[in-house]
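Trainee: quick one: sequence and predicted model below, then my questions.
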Amino acid sequence: MTDALDLVIFGGTGDLSIRKLQPALYMAFVHGGLPADVRIIAIGRRPLDTATYVDQVLGQARAFISPASLDDAAWQRFTALIDYVPLDAGQTADYLRLGHALRTGRARQVYYLATAPDLFVGICEQLAHARLLDARSRIVLEKPLGHDLASAREINRQVGRYFNESQIFRIDHYLGKETVQNLMVLRFGNALFEPLWRAPHIRSVQITVAETVGVGSRAGFYDHTGALRDMVQNHLLQLLCIVAMEPPVSLDPDAVRDEKLKVLKSLRPMTPADVRRDVVRGQYIDGAIDGQAVAGYRQEPGVDPASTTETFVALRAYVDNWRWANVPFFLRTGKRLNKRRSEIVIHFTDPPFSIFPDEQPRGANRLMIQLQPEELVQLQILAKEPGSGMERRPVSLDLDLHAAFTERRAEAYERLLVDVIKGRLTHFMRNDELEAAWAWIEPILHCWNGHGSRPAPYFAGTWGPNPSSTLLTRDDHAWSEDQID
Ligand SMILES: NC(=O)c1ccc[n+]([C@@H]2O[C@H](COP(=O)([O-])OP(=O)(O)OC[C@H]3O[C@@H](n4cnc5c(N)ncnc54)[C@H](OP(=O)(O)O)[C@@H]3O)[C@@H](O)[C@H]2O)c1
């Protein structure tokens, strides 16, 4: 069988293609991640020819490749792999033009749908109608996969009419991050952590994905979506799954995804009373980021001035199984927060008894897995302060992955695109995982809608509204930035 590949990108003129996909494909090309016989077919509605696409659209992608990796000769060879096909997803006749650009029969087709999700089903139907699908075809679906459980189910059902589950790659780029994949190695490649990785040795788990950016140019999309759907339903719950899952029997995609599914199904369902007590919903008002004044969410271009869309969510979740009984998982995400930081922090319990005469520092042991801005792993322990007494101070055992490994670290999109090409499904979401995540989120959405509740305001440049802190302090916890360092 030939490994000839046609990689078709719907949304090839869009922001995601320019900022992430094309730079990732260039890097994969330079580092041997693409098959020798590959064509990249970019699709958009704009009536461009290939030369103009390469010049005008792809030219913008160069700005998102690190200067050290950009080589003019390699760029020329990369752009020679590209064809642009103008196509309107709803126009049957346009798929004939696409058919001419593809090497059906001879090459395998991967279709990457980097478009709004309401086009997904129509594109699948049209591809099938134009006879551009076969058993070797694969499809990549970008988030958001639906707006609620019913729409996610419908996408799964309809896409499932044309592709079987092993052909469908639902992308969550957090699963492509080196540090997230490293967490699996940390947990399952070392015996050290496993005995402690459970109640009662873990006091809490915190997962934060904090952004300093505002809604930017995505207001039209974001104002109908909000942070719960945009971030919690996918990225934060996927990170929670990696932290909480049982050791899978192998790295086989279904073995891993079975374990993640069990975690999602073990999440304690939220009653309306739970939502009111354990979920904080916020929206930024004007403030300052890095000393620069920024507008509030409702003043952003394209946002409804009376919008109640949340730009911040903090919540407490419980994984109701033997390992995690009564260990709170605190999840938090927001825009216009104090720092750009994504991290998972595992807080271990304090020693059961202190032999030291002075007060034992609390919360001394924690494992911090930082995904952004730098990828690093830090284990905080107590050490004796030099001197005559037995004073103790927290110090970090730093796992400096950049110093330990000199190998190049591929960006998440590059790694995941290569996985798609090689047919490796482990780091992609299965249909039942997607639906279980929506099923858990939905009562929160219903409760917010039903009670006409409004998000609590927070100043841009802070860590969110005050109830986010009280969510933790009322049970004697604290977000990691408020803890000892
Ligand atoms: N941007 C990101 O960082 C990001 C991150 C994660 C997920 N996503 C998701 O990825 C998808 C694309 O996002 P984006 O930011 O790239 O959006 P975008 O900049 O608005 O681009 C949309 C793309 O879809 C094409 N398109 C729109 N209607 C079409 C139609 N009827 N037929 C064919 N093509 C059509 C557009 O082509 P023309 O412009 O040529 O008309 C354009 O290439 C969205 O679902 C988004 O939620 C985006």
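Mentor: Yep, it's here.

Trainee: how about the nearest residue to His173 once chain neighbours are set aside, phi and psi?
Mentor: In this structure, His173 finds its nearest non-sequential neighbour in Ala412, 4.4 Å apart by C-beta to C-beta, 6 or more residues apart in numbering. (Each C-beta comes from the backbone N, C-alpha and C, glycine too.) Ala412 adopts backbone torsions of phi -60, psi -50, taken as degrees, to the nearest 10.

Trainee: how about the secondary structure of the closest residue to the ligand within the stretch 201-350 of the chain?
Mentor: Nearest to the ligand in the stretch 201-350 of the chain, going by C-beta to the nearest ligand atom, is Phe221, at a distance of 5.9 Å. Here Phe221 is recorded as helix under DSSP: H, G, I helix; E, B strand; the rest coil.

Trainee: for it, which non-adjacent residue is closest in space?
Mentor: Closest residue to Phe221 apart from its sequence neighbours, by C-beta to C-beta, 6+ apart: Ala116 at 7.8 Å.

Trainee: how about the residues of this protein near the ligand?
Mentor: Contact residues (C-beta under 6 Å from any ligand atom) of the chain with the ligand: 10-16, 44-46, 87-90, 114-117, 119, 142-144, 221.

Trainee: show the pLDDT at Arg409.
Mentor: Per-residue pLDDT puts Arg409 at 88.

Trainee: quick check, it in contact with Glu178.
Mentor: Yes: in this structure, Arg409 is within contact of Glu178 by C-beta atoms under 8 Å, at 5.3 Å.

Trainee: and the two? Which one has more around it.
Mentor: Glu178 (16 against 13; other C-beta atoms under 10 Å).

Trainee: residues in contact with that one?
Mentor: By C-beta atoms under 8 Å, 6 or more residues apart in numbering, the contact list for Glu178 reads Glu375, Leu401, Arg409, Ala410, Ala412, Arg415.

Trainee: where's the residue lying closest to Leu237 once chain neighbours are set aside relative to Gln238, distance?
Mentor: Leaving aside its sequence neighbours, Leu237 sits nearest to Ala437 (C-beta to C-beta, 6+ apart; 4.9 Å). Noted for Ala437: a distance of 8 Å to Gln238, by C-beta to C-beta, to the nearest Å.

Trainee: which one of those two has more residues nearby?
Mentor: The residue with more neighbours, out of Ala437 and Gln238, is Ala437; 27 against 21, by other C-beta under 10 Å.

Trainee: give me the distance from whichever strand or helix holds the more buried one to the chain's centre.
Mentor: Applying DSSP states H and E as the criterion places Ala437 in helix 431-450. Here the centre of helix 431-450 is set off from its chain's centre by 17 Å, with C-alpha atoms, centre = their mean, to the nearest Å.

Trainee: just the C-alpha atoms of that helix, please, in PDB.
Mentor: Only the C-alpha atoms of helix 431-450 are listed here, as PDB (Å, rounded to 0.1, in the frame of the first residue of the first chain):
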ATOM      1  CA  ASN A 431     -17.400   9.900  21.000                       C
ATOM      2  CA  ASP A 432     -18.500   8.600  24.400                       C
ATOM      3  CA  GLU A 433     -15.900  10.700  26.200                       C
ATOM      4  CA  LEU A 434     -17.200  13.800  24.500                       C
ATOM      5  CA  GLU A 435     -20.800  13.000  25.400                       C
ATOM      6  CA  ALA A 436     -19.900  12.200  29.000                       C
ATOM      7  CA  ALA A 437     -18.200  15.500  29.400                       C
ATOM      8  CA  TRP A 438     -21.200  17.400  28.000                       C
ATOM      9  CA  ALA A 439     -23.600  15.400  30.200                       C
ATOM     10  CA  TRP A 440     -21.700  16.600  33.300                       C
ATOM     11  CA  ILE A 441     -21.500  20.200  32.100                       C
ATOM     12  CA  GLU A 442     -25.100  20.500  31.100                       C
ATOM     13  CA  PRO A 443     -26.800  20.800  34.600                       C
ATOM     14  CA  ILE A 444     -24.500  23.800  35.300                       C
ATOM     15  CA  LEU A 445     -25.700  25.400  32.100                       C
ATOM     16  CA  HIS A 446     -29.400  24.600  32.900                       C
ATOM     17  CA  CYS A 447     -29.000  26.000  36.400                       C
ATOM     18  CA  TRP A 448     -27.500  29.300  35.100                       C
ATOM     19  CA  ASN A 449     -30.200  29.700  32.500                       C
ATOM     20  CA  GLY A 450     -33.000  28.600  34.800                       C
END
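
Trainee: list the helices and strands that helix packs on?
Mentor: Using 3 or more C-beta pairs under 8 Å, 6 or more residues apart in numbering; DSSP states H and E, the elements in contact with helix 431-450 are helix 149-159, strand 168-170, helix 237-244, helix 253-266, helix 272-278, strand 279-285.

Trainee: how about it: buried residues?
Mentor: Using 16 or more other C-beta atoms under 10 Å as the burial criterion, the residues of helix 431-450 that qualify are 431-445, 447-448.

Trainee: mind listing the strands for the stretch 101-250 of the chain?
Mentor: For the stretch 101-250 of the chain, the strands defined by DSSP state E, counting those that start in this stretch occupy 108-113, 138-141, 168-170, 202-210.

Trainee: about what we covered before: report the set of residues contacting both of Arg409 and Glu178.
Mentor: In contact with both Arg409 and Glu178: Glu375, Leu401, using C-beta under 8 Å, 6+ apart.

Trainee: just give the number of residues close to the residue lying closest to Gln181 once chain neighbours are set aside.
Mentor: Excluding its sequence neighbours, the residue lying closest to Gln181 (C-beta to C-beta, 6+ apart) is His427, at 7.1 Å. Neighbour count of His427, defined by other C-beta under 10 Å: 25.
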